[in-house]
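>>> Just need the structure, nothing else, for what follows:
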Amino acid sequence: MHQNEQYRDYAFKLWGKLSRKRTFSVCGGKAEIWAASIVHVIARLNFLFDRNHKNFLKQGLICGHFGTNQKTITSKAAEIRKAAGIRNGDSDFCDRDIQDTFSCVLLPNGMLVPTEVARDMGLLED
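Residues are numbered from 1 along each chain as shown. I've put the predicted structure just below:
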């Protein structure tokens with residue numbers, strides 16, 4: 001469907017990170033809500049809700065698949081991002097092109113440019 005192996009791996013990695021948090025319990029609640037919320041976080045970080053993305057995914061499709069409420073999932077996803085300290089462009093949960101968009105490179109001349117631009121200019125190896 002919309003998920004590929006990389007997104008699945010991100011979801012498992014996020015679940016592992018959450019389960020190791022001592023200040024955040026993953027032992028309670030419905031499995032469907034946890035699963036949908038994890039998928040929501042990964043989809044949002046990778047801009048899958050953007051209609052122009054090649055793997056576009058409607059938010060309602062996640063809720064429909066897991067039989068959950070969109071408000072509940074959005075709220076739980078925000079809790080997860082906060083608890084895990086996830087920011088846009090997080091290298092553990094985002095595709096490289098998205099990481100490059102949110103990171104910068106300091107050039108020898110002191111200029112700071114987005115990593116994406118530095119790659120396009122041939123200043124960084126792939």
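
>>> Do you have the helices of the protein handy? List them.
Remark: helices assigned in the chain by DSSP state H are 5-19, 31-45, 59-66, 70-84, 96-102, 115-120.

>>> what about the closest residue in space to Ala43 that isn't next to it in sequence, neighbour count?
Using Cβ to Cβ, 6 or more residues apart in numbering and skipping residues adjacent in sequence, the residue nearest Ala43 is Leu57, 5.5 Å away. C-beta: built from backbone N, CA, C; applies to glycine. For Leu57, the count of nearby residues is 22 (other Cβ atoms under 10 Å).

>>> now swap in Gly16 and tell me
When neighbours are counted by other Cβ under 10 Å, Gly16 registers 9.

>>> And it, what's its pLDDT?
Gly16 carries a pLDDT value of 93.

>>> just Gln3 next, same as before
53.

>>> most neighbours per residue, which of the helices of the chain?
Highest mean neighbour count among those (mean count of other Cβ atoms under 10 Å): helix 31-45, with a mean of 22.

>>> mean confidence for that one?
95.

>>> what helices or strands is that helix leaning on?
When contacts are defined as 3 or more Cβ pairs under 8 Å, 6 or more residues apart in numbering; DSSP states H and E, helix 31-45 packs onto helix 5-19, helix 59-66, helix 70-84.

>>> now the ones you listed in a markdown table, with distance to Asp50?
Shown next, in a markdown table, are those (distance: least, Cβ to Cβ, whole Å):
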| stretch | distance to Asp50 |
| --- | --- |
| helix 5-19 | 14 |
| helix 59-66 | 11 |
| helix 70-84 | 16 |
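
>>> Tell me which of those helices lies nearest to Ile42.
Counting by Cβ to Cβ, Ile42 lies closest to helix 5-19 out of the helices and strands packed on helix 31-45; the figure is 4.8 Å.

>>> now that closest one, how far from the centre of its chain.
Counting by Cα atoms, centre = their mean, to the nearest Å, helix 5-19 is centred 10 Å from the centre of its parent chain.

>>> who's in contact with it?
The contact list for helix 5-19 (Cβ atoms under 8 Å, 6 or more residues apart in numbering) reads 24, 26, 34, 38-39, 41-43, 45-46, 48, 55, 80, 83-84, 86, 92-95.
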